[in-house]
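Student: Just need the structure, nothing else, for what follows:
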Amino acid sequence: MWNKFRFDEDLDAKIRAVKQSGLCYFDHDKGIFVPNRGEMNYDTNWLFFGYTIMSRDCYLWHQIMFTYFDFVPEFCKMRCYKVVIRLRNVKELMQWYGVCNGGGHCNRGDVTALPGKAGIDTRHYTDASYDSFIYADGLEDAKEKYEVVREMADTLMEDGKSISVIIKRSCTEFERRHGGTNGDWWQSFTDSERRTEECLKDMFAGRWESAVQPDWLKNKTFLRWLQHANAIGDKSWVEYMDKGDFLTCQPVTYHDIGSLTINNEKEVKQNDTSED
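Tutor: Got it, this is the predicted structure:
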């Protein structure tokens, strides 16, 4: 008798919630829930570099296991590390993406092989507007990539030595739920957790996505970056694009003129305190 995981009403409700979300459907031939679609995100904030296939099954691990079952898989809990580059404006973001994507003056193989992404961070619970993430498998791998990334920023970016580069562990959402990754919860993966992950994998198929994005979609994402920069008052994009400020609608102002005409009927003098 299959008894690795107790199937109860609470589990059934969670599975139904996933099904109703439209993320997947039940394949009767395979006896498993499979992704409903595999299309690339058309409205993405991120551009990828350094690999052709996503190195993490975030669809299954994050969107399904964590979002609907409040479960953090073993890789996410024990081995997922990221080198994070905190860019200060959209001009630096554009330059950094060009470096990591092998463009411009960068022709180093160790640079262009780094797997990661760069983009705008619009989550309300982070304090960064522009980020780049380099993915690592374990802390030692992260330390090696950190040294490469730190040297890249220092030598290939304008004022690069003042750009912040850090190593972080796992996803921010997981850390918000379970506390800082230096806490006790993060130090082990129990047999019970392992059985839970095995059973969830029995129920749901993963989706390894291609990270190759067509040029037209990249251009759409570039525009999205510029719009975000303009919305938060970052005008560095104007200098980078060298096309003037074509995103901002500058209003006509009336506070700095000597008189106003109202309804085209009469002129009202400002600061006029004289009597008839």
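Student: which residues of the stretch 1-150 of the chain fall in strands?
Tutor: Per DSSP state E, counting those that start in this stretch, the stretch 1-150 of the chain carries strands over the ranges 24-27, 32-35, 46-49, 80-87, 116-120, 130-137.
Student: Generate TSV for those strands, with mean pLDDT and distance to Thr67 as supplementary columns.
Tutor: All C-beta atoms are positioned from the backbone trio N, CA, C, and that covers glycine. Listed next are the strands of the stretch 1-150 of the chain as TSV, based on pLDDT from 0 to 100; distance: least, Cβ to Cβ, whole Å:
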stretch	mean pLDDT	distance to Thr67
strand 24-27	91	12
strand 32-35	92	14
strand 46-49	92	19
strand 80-87	96	16
strand 116-120	95	20
strand 130-137	94	20
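Student: Output the below-cut-off pLDDT ranges for the stretch 101-250 of the chain.
Tutor: Scanning the stretch 101-250 of the chain for pLDDT under 70 picks out 102-113, 242-243.
Student: quick one on the thing from earlier: any chance of JSON lines for the strands of the stretch 1-150 of the chain, columns mean neighbour count?
Tutor: Output for these, formatted as JSON lines (neighbours: other Cβ atoms under 10 Å):
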{"stretch": "strand 24-27", "mean neighbour count": "14"}
{"stretch": "strand 32-35", "mean neighbour count": "16"}
{"stretch": "strand 46-49", "mean neighbour count": "22"}
{"stretch": "strand 80-87", "mean neighbour count": "22"}
{"stretch": "strand 116-120", "mean neighbour count": "23"}
{"stretch": "strand 130-137", "mean neighbour count": "22"}
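Student: can you redo those strands as JSON lines with distance to Leu93?
Tutor: Output for the strands of the stretch 1-150 of the chain, formatted as JSON lines (distance: least, Cβ to Cβ, whole Å):
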{"stretch": "strand 24-27", "distance to Leu93": "33"}
{"stretch": "strand 32-35", "distance to Leu93": "30"}
{"stretch": "strand 46-49", "distance to Leu93": "10"}
{"stretch": "strand 80-87", "distance to Leu93": "5"}
{"stretch": "strand 116-120", "distance to Leu93": "6"}
{"stretch": "strand 130-137", "distance to Leu93": "4"}
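Student: For Cys199, find the nearest of these.
Tutor: Judged by Cβ to Cβ, the one of these that comes nearest to Cys199 is strand 32-35, at 11.7 Å.
Student: to the chain's geometric centre, what's the distance from that closest one?
Tutor: Relative to the centre of its chain, strand 32-35 is centred 25 Å away, using Cα atoms, centre = their mean, to the nearest Å.
Student: Phi and psi next, for Ser170.
Tutor: Dihedral pair for Ser170: phi 60, psi -170, per degrees, to the nearest 10.
Student: Nearest residue to it in space, please, no chain neighbours.
Tutor: Cys80 (5.0 Å; Cβ to Cβ, 6 or more residues apart in numbering).
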